[in-house]
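Novice: Sequence and predicted structure, then a few things I'm wondering about:
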Amino acid sequence: MELQKMNGHSRDEGFDGLDALAEHEEFLPHKTGAKKEIHFTDFEGKTSFGMSIFNLSNAIMGSGILGLAFAMSNTGIILFLILLVFIAILSAYSIHLLLKSAGVVGIRAYEQLGNRAFGPPGKMLAACVITVHNIGAMSSYLFIIKSELPLVIQALLDNHENKEEWFLNGNYLIIIVSAFIILPLALMKQLGYLGYTSGFSLSCMVFFLISVIYKKFNILCPLDDSEHHNMTPIVDDHIPINRTDDFCEAKLFTINSQTAYTIPILAFAFVCHPEVLPIYTELRDATKKRMQRVANVSILAMFVMYLLTALFGYLTFYGAVESELLHTYSRVGSRDVLILCVRLAVLVAVTLTVPVVLFPIRRALLQILFPDKPFHWARHIAIAFCLIFVVNLLVIFVPSIRDIFGLIGATSAPSLIFILPGIFYVRIVPDEQEPFLSRPKIQAACFAALGFVFMIMSLSFIIIDWSTGESRSVGGH
């Protein structure tokens with residue numbers, strides 16, 4: 001049927017036909033009599049369109065949502081909106097490049113695209129970038145659990161005096177949460193089964209958004225700092241607030257020393273690319289157009305959530321908003337029941353997101369260590385256990401990994417969003433289909449170049465931070 005559609009139609013329709021054909025048969029023909037290469041991702045997807053949206057939306061939404069109000073306070077409402085639209089469009093275009101490359105060669109694994117584009121070095125590069133970035137993301141989620149869960153338990157038990165109890169120790173709590181919640185979810189065979197937990201996780205963040213909107217009309221600016229000085233900071237990189245006479249006024253445009261960090265914060269908030277191809281693999285009736293719709297709906301939903309969270313969070317605290325929005329709410333009352341519920345919802349959301357982030361890391365490691373091996377439960381369980389163990393050690397023994405996260409985010413995030421999708425597209429799509437100097441390939445090359453600019457810019461900011469010794473916060477996904 002796809003071949004019939006190709007006959008007598010336009011050039012673009014022909015390319016769509018080739019893409020559809022490549023979903024079942026690779027674009028590059030095999031030798032006569034040769035056995036078709038079998039990829040470990042070759043199986044019929046069973047995840048519905050809605051569940052795939054839940055999974056991808058959950059992958060997009062990360063801890064970066066807590067820093068968006070702070071980003072808006074350093075750009076102004078109009079400039080923030082322009083940047084948010086810009087990053088969302090670029091993220092959707094990046095996913096388009098990945099899906100087009102995957103459709104051409106019939107491969108739906110990020111690492112295998114690297115292998116097809118540049119051979120084993122490309123495969124190793126893609127796997128390493130995914131592993132490093134997602135380990136950083138998992139660590140950021142567990143750091144939120146380590147910091148927030150003791151405060152929630154303390155408030156629930158009304159225990160504000162004895163803080164030495166073992167169940168108020170964040171290190172013990174992340175081990176318990178990892179062992180009894182994260183590990184069992186990470187042992188599921190297919191990512192699609194986590195659609196239910198992803199949906200619940202998203203509902204928790206919707207509750208967080210509703211609470212932020214509600215609190216806008218119940219908190220007056222300026223804030224009373226009487227309780228703030230008795231609170232334990234949630235994050236290590238707390239930034240002192242520079243009060244001015246107009247810090248309770250909304251600004252449409254503003255530029256300051258923190259403005260340059262807005263683009264990294266927004267870019268990291270939209271990183272979902274390691275999860276795109278695994279979700280594509282398990283999508284029922286998978287085609288490039290169907291998966292692109294999944295991506296577009298997910299990005300649009302997160303765009304709305306990000307914008308509303310940033311806007312109402314900023315309009316609540318204005319110049320007093322901090323780099324971690326929940327920490328700012330602590331300043332208006334440590335026993336606020338709604339804020340306690342919000343903390344609990346955020347904890348549930350990040351806890352249920354960790355297994356979704358773990359799946360691409362495991363796929364990357366399987367591509368490196370066991371590329372030709374079929375699925376085996378022993379490897380599946382062992383890799384999950386080792387990853388969770390390593391991340392727990394990192395969170396427990398490293399007191400502050402803000403600079404490490406900044407370094408990882410400045411290198412892996414632009415690689416996943418801009419550089420790798422762009423260069424994979426240029427290398428994989430055949431010249432017979434799109435010449436090297438065709439508009440789509442030139443756009444993809446410029447897209448990759450933009451990623452290099454973004455990487456150099458982010459690394460420069462981190463080096464400036466290290467050299468000046470100033471405490472600035474770069475938001476992570």
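Specialist: The structure has been received and is ready for your questions. Numbering: from 1, shown residues only.
Novice: Please enumerate the helices of the stretch 151-300 of the chain.
Specialist: Assigned helices in the stretch 151-300 of the chain, in chain order: 170-177, 183-186, 195-216, 262-269, 273-281, 288-317 (criterion: DSSP state H, counting those that start in this stretch).
Novice: and these as CSV, adding distance to F253?
Specialist: All C-beta atoms are positioned from the backbone trio N, CA, C, and that covers glycine. Shown next, in CSV, are the helices of the stretch 151-300 of the chain (distance: least, Cβ to Cβ, whole Å):
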stretch, distance to F253
helix 170-177, 39
helix 183-186, 44
helix 195-216, 21
helix 262-269, 12
helix 273-281, 31
helix 288-317, 13
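Novice: Nearest to S458, out of those helices?
Specialist: S458 lies closest, by Cβ to Cβ, to one member of the helices of the stretch 151-300 of the chain: helix 262-269, at 5.2 Å.
Novice: Return the closest one as PDB; C-alpha atoms alone will do.
Specialist: Coordinates of each C-alpha in helix 262-269 appear next as PDB, following Å, rounded to 0.1, in the frame of the first residue of the first chain:
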ATOM      1  CA  THR A 262      17.800  31.100  31.700                       C
ATOM      2  CA  ILE A 263      18.500  29.300  28.400                       C
ATOM      3  CA  PRO A 264      20.300  26.400  30.100                       C
ATOM      4  CA  ILE A 265      17.500  26.100  32.600                       C
ATOM      5  CA  LEU A 266      14.900  26.000  29.800                       C
ATOM      6  CA  ALA A 267      16.900  23.700  27.600                       C
ATOM      7  CA  PHE A 268      17.400  21.200  30.400                       C
ATOM      8  CA  ALA A 269      13.700  21.400  31.300                       C
END
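Novice: how far out from the middle of the chain is that helix?
Specialist: Between the mean C-alpha location of helix 262-269 and the chain-wide mean there is a distance of 10 Å, by Cα atoms, centre = their mean, to the nearest Å.
Novice: Next, the angle from that helix to helix 288-317.
Specialist: Put simply, helix 262-269 runs at 130 degrees to helix 288-317, going by axes from the mean of the first three to the mean of the last three Cα atoms, to 10 degrees.
Novice: that older thread, rank the helices of the stretch 151-300 of the chain by pLDDT, which is bottom?
Specialist: For the helices of the stretch 151-300 of the chain, mean pLDDT drops lowest on helix 262-269, to a mean of 76.
Novice: Residues in contact with that helix: which ones?
Specialist: By Cβ atoms under 8 Å, 6 or more residues apart in numbering, the surrounding residues in contact with helix 262-269 are 60, 62, 64-65, 67-68, 70-71, 74-75, 80, 83-84, 87, 302, 306, 409-410, 413-414, 417, 454, 457-458, 461, 474-477.
Novice: Tell me how far the nearest residue to L56 once chain neighbours are set aside lies from I95.
Specialist: Closest residue to L56 apart from its sequence neighbours, by Cβ to Cβ, 6 or more residues apart in numbering: S298 at 4.2 Å. S298 is 9 Å from I95, where distance means Cβ to Cβ, to the nearest Å.
Novice: now V395
Specialist: 30 Å.
Novice: Between the two, tell me which one has more neighbours.
Specialist: I95 (25 against 22; other Cβ atoms under 10 Å).
Novice: I figured the more buried one was touching R293, is that so?
Specialist: No: between I95 and R293 there is no contact under Cβ atoms under 8 Å: 10.9 Å.
Novice: Which helix or strand contains the residue lying closest to S63 once chain neighbours are set aside?
Specialist: Leaving aside its sequence neighbours, S63 sits nearest to S140 (Cβ to Cβ, 6+ apart; 4.9 Å). For S140, the host element (DSSP states H and E) is helix 120-156.
Novice: does I408 really touch V132, like I thought?
Specialist: Yes: with contact defined as Cβ under 8 Å, I408 counts as touching V132 (5.8 Å).
Novice: need the contact list for E249.
Specialist: E249 sits next to 318-319 when contact means Cβ under 8 Å, 6+ apart.
Novice: Quick one: neighbours of R379, just the number.
Specialist: 16.
Novice: Please pull out the lowest mean pLDDT helix or strand from this structure.
Specialist: Averaged element by element with mean pLDDT, DSSP states H and E, the chain has its least confident helix or strand at helix 2-6 (a mean of 37).
Novice: Need the phi and psi values for T47.
Specialist: The phi/psi pair for T47 (degrees, to the nearest 10) reads phi -90, psi 130.
Novice: beta partners for it?
Specialist: T47 forms beta bridges with L283, as assigned by DSSP bridges.
Novice: Show me the shaky parts of the stretch 301-450 of the chain.
Specialist: For the stretch 301-450 of the chain, the stretches with pLDDT under 70 are 332-335, 399-407, 409.
Novice: go with 90
Specialist: Applying pLDDT under 90 to the stretch 301-450 of the chain picks out residues 313, 316-377, 380, 394-418, 429-438, 440.
Novice: What are the boundaries of the helices in it?
Specialist: Under DSSP H, counting those that start in this stretch, the stretch 301-450 of the chain gives helices at 325-329, 337-369, 377-397, 402-414, 420-428, 439-468.
Novice: how far is stretch 114-126 from where the chain is centred?
Specialist: For stretch 114-126 - counting by Cα atoms, centre = their mean - the centre lies 22 Å from the chain centre.
Novice: List the buried residues in it.
Specialist: Residues of stretch 114-126 classed as buried by neighbour count (16 or more other Cβ atoms under 10 Å): 114-118, 122-126.
Novice: ok, and what's touching that stretch?
Specialist: Residues outside stretch 114-126 that contact it (Cβ under 8 Å, 6+ apart): 101, 105, 107, 110-113, 127, 364, 367-368, 420, 423-424, 427-428.
Novice: Taking those, please make a PyMOL selection of just the buried ones.
Specialist: Listed next is the PyMOL selection for buried residues among the contacts of stretch 114-126, using 16+ other Cβ under 10 Å:
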select buried, resi 101+105+107+110+111+112+113+127+364+367+368+420+423+424+427+428
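Novice: ok, so of the contacts of stretch 114-126, who is nearest A186?
Specialist: After measuring those against A186 - Cβ to Cβ - the closest member comes out as A364, at 14.6 Å.
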